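>>> quick check, what structure comes out for this input:
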Amino acid sequence: MSTIGIHTTQNIALKQNLASVGQRLLAFSLDWLIMSAYLFVVNYLILARNNINAPAAYIITLIPALLYIPIMEILAQGQTLGKRTLGIRVVKTDGSAPGISAYLLRWLLGFVDFYLGMGGLAIILIIFTRKGQRLGDLAAGTTVVQEGQKLNTLAENQTAIGQIPQDYQPQFSQVFKLNDRDFELIHRSLRAFRNDGNRQPIYALQKKLEQKMQLEPTQMHPIAFLETLLRDYTYYSKKQAEKEGFKA
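Sure, this is the predicted structure:
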């Protein structure tokens, strides 16, 4: 299975499985079927049956189908319904979240990749480029990866650190400056250390998170620091949930 080394904005090198050509083509086919079904329903079951022959009406109904892919990827963070079904997602090769311009650029060049080239150009590029990038991906700095089991931050934290004592005293109130992506990196870096003794991710991540939280260097061991962040976040989140009347 092909993988890509993503160098994240936190300066951590992580590996992620690339989506296969088959997954990407099947996802595109599902999206094409969705767009085709929409056009059939609107044009033939609504406009035609009501004897609406104005060209403008047909053009207007075509616009949502044309914009379906970029709008879905923007709103669903790199996924269309087809991609979600296949468990794949568009990401930037530097680990950052793609912006609107990246989604639009890869969509525009998709007309060259898939339509003008009858899909052949896209397949060739995905197979032979190191990061599995078609023309639109190369221009936008993106690729498509397999989405692993979706991270549930609290549940993942609970599994990693176990139960938190009732009298637990959190150390870093700045932990809420971090986001789900940061916690995913914490878990993956800890797993890398425990599985193969790779120390680089935990040391680099500690420095980056201290900077993001605007902390002075804590002098804590990276393992202790990262596990403390997991405990603190879980502690504060559960307290907030209880305050709002939810059971965390």
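>>> okay, now residue 134: neighbour count?
27 (other CB atoms under 10 Å). C-beta coordinates here come from the backbone N, C-alpha and C atoms, glycine included.
>>> residues contacting it?
Contacts for residue 134 (CB atoms under 8 Å, 6 or more residues apart in numbering) come out as 106, 109-110, 113, 121-122, 125-126.
>>> helix, strand, or coil at residue 123?
helix (DSSP: H, G, I helix; E, B strand; the rest coil).
>>> re earlier: most neighbours among the contacts of residue 134, please name it.
Once you tally neighbours by other CB under 10 Å, residue 106 ends up highest among those, having 27 neighbours.
>>> what score does the nearest residue to it once chain neighbours are set aside have for pLDDT?
Using CB to CB, 6 or more residues apart in numbering and skipping the chain neighbours, the partner closest in space to residue 106 is residue 136 (3.3 Å). Here the pLDDT value assigned to residue 136 is 95.
>>> now do residue 211
92.
>>> distance of it from residue 233?
Applying CB to CB, to the nearest Å, the value for residue 211 to residue 233 is 18 Å.
>>> which one's more surrounded, the two?
Shown here are residue 211 and residue 233; by other CB under 10 Å, residue 233 has more neighbours (22 against 11).
>>> the residue nearest to that one when sequence neighbours are not counted: how many residues sit nearby?
Nearest residue to residue 233, sequence neighbours excluded (CB to CB, 6+ apart): residue 175, at 4.8 Å. By other CB under 10 Å, 22 other residues sit near residue 175.
>>> which ones are touching residue 46?
With CB under 8 Å, 6+ apart, residue 46 has these contacts: residue 52.
>>> between the contacts of residue 134, which is nearest residue 186?
Using CB to CB, residue 106 comes nearest to residue 186 of the contacts of residue 134, at 29.6 Å.
>>> hmm, the closest one is touching residue 133, no?
No. The criterion here is CB atoms under 8 Å, and residue 106 misses it with residue 133 at 9.3 Å.
>>> what residues are up against residue 170?
Counting by CB under 8 Å, 6+ apart, residue 170 has contacts 231-232, 235-236.
>>> tell me the SS of residue 144?
Applying three-state DSSP: residue 144 is strand.
>>> and the next helix or strand past the helix or strand of the chain with the lowest mean pLDDT?
None of the helices or strands of the chain scores lower by mean pLDDT, DSSP states H and E than helix 153-161, at a mean of 54. With elements assigned by DSSP states H and E, the helix or strand that comes after helix 153-161 is helix 180-196.
>>> could you check how far the residue of the chain most remote from its centre is from residue 167?
Going by CA atoms, centre = their mean, the residue of the chain most distant from its centre is residue 51, 43.8 Å out. To residue 167, residue 51 is 74 Å away according to CB to CB.
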